[in-house]
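[1] sharing a sequence plus its predicted fold:
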Amino acid sequence: MTLVQKITGWGLFIPILIFALYGIVQEVQAGNFRYVRNQTYVEECGACHFAYPPQLLPAETWTIVMSELDDHFGENAELDVETSTEIVQYLHAHALGVAAPSRMSKMMRNIPDEPPLRITEFPAFKDAHAVVKEQLELSSIETGFLSPCADCHRLANSGIFDKELLHPGYGPASWGSSKPE
Ligand code: HEC
Ligand code: HEC
């Protein structure tokens with residue numbers, strides 16, 4: 001290995017290490033609740049999209065989502081009875097209103113009598129993301145545009161969506177007048 005290769009190697013490695021450590025510290029600080037992950041859920045419901053943490057929807061809404069998997073937002077996501085029973089139990093045990101971790105209880109605000117099936121259509125979700133439309137200079141936010149939570153929320157996989165913990169470049173403060181890539 002030449003000296004140049006060594007320097008380039010460490011030059012990449014050290015920032016990555018620092019970034020990772022920084023992430024862990026922030027995660028510990030933000031995590032005043034323990035996010036329970038279920039492997040079956042992550043595998044089955046994370047196959048096509050981000051595996052949405054159970055505390056994002058009320059138990060009744062998860063029941064409906066799980067009972068209509070053969071026509072799931074235009075896709076067939078059907079599961080066998082055993083797998084689906086395990087997933088329903090997991091979702092119910094940690095649904096919105098039960099686990100109610102730090103910031104997520106905000107999602108309960110103004111929920112209509114018949115809640116939508118999409119997290120992204122909850123009134124509190126729309127309120128929280130009104131600024132995205134403004135910052136990205138969009139005329140409207142299309143259905144599905146905000147569904148990949150982890151694209152912007154860097155600790156989404158730990159169930160943490162604090163606005164202070166967005167990916168660099170996705171916070172209104174850092175967006176300034178230009179759009180992120
Ligand atoms: C075959 C692919 C596929 C699988 C498997 C799948 N989904 Fe989906 N899911 C979709 C599609 C497509 C959408 C709509 C995404 C969009 O509009 O961008 C969606 C959307 C959702 C949404 C609404 C997201 C929003 O916009 O707020 C929820 C909740 C959801 N899925 C839950 C689940 C659960 C629970 C499972 C496991 C039982 C699951 N999905 C498995 C394809 C899938
Ligand atoms: C295009 C980027 C983007 C996507 C995708 C996105 N968000 Fe956000 N989200 C934001 C921004 C930016 C804010 C902060 C708005 C502000 O400054 O008030 C935010 C705020 C939030 C908040 C309020 C946090 C707080 O500290 O008050 C929650 C909860 C949240 N998002 C959940 C989600 C979930 C769940 C998804 C996926 C279904 C999602 N977001 C998808 C950009 C995004």
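    In hand now; what should we look at? Ligands and ions are numbered 1, 2, ... in the order given.
[2] near ligand 2, which residues of the protein?
    For the chain, the contact set with ligand 2 under CB under 6 Å from any ligand atom comprises 56, 103, 119-120, 128-129, 131-132, 146-149, 151-153, 161-163, 166, 170-172. No exception for glycine: its C-beta is placed from N, CA and C like everyone else's.
[3] among the residues you listed, the buried ones, what's the ChimeraX command?
    Those of the residues of the chain next to ligand 2 that count as buried under 16 or more other CB atoms under 10 Å are selected in ChimeraX with:
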select :56,119,120,128,132,146,149,152,153,161,166,170,171
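[4] and the gap between Thr61 and ligand 2?
    According to CB to the nearest ligand atom, to the nearest Å, Thr61 and ligand 2 sit 13 Å apart.
[5] for the residue nearest to that residue when sequence neighbours are not counted, pull up the helix or strand it's in.
    Leaving aside its sequence neighbours, Thr61 sits nearest to Pro115 (CB to CB, 6 or more residues apart in numbering; 5.1 Å). Under the criterion DSSP states H and E, no helix or strand holds Pro115.
[6] give me the neighbour count for Pro115.
    17 (other CB atoms under 10 Å).
[7] could you check how far it is from Thr85?
    Pro115 is 23 Å from Thr85, where distance means CB to CB, to the nearest Å.
[8] picking up where we left off before, residues touching the residue nearest to Thr61, list them.
    With contact set as CB atoms under 8 Å, 6 or more residues apart in numbering, Pro115 has these partners: Leu57, Pro58, Glu60, Thr61, Phe122.
[9] can you tell me which of those are in helices?
    Among the contacts of Pro115, the ones falling in helices (DSSP state H) are Glu60, Thr61.
[10] pull the most distant pair out of the contacts of Pro115.
    Farthest-apart pair in these is Glu60 and Phe122; separation 13.3 Å (CB to CB).
[11] so these two - more neighbours on which side?
    Legend: neighbour count by other CB under 10 Å for Glu60 and Phe122, higher for Phe122 (24 against 14).
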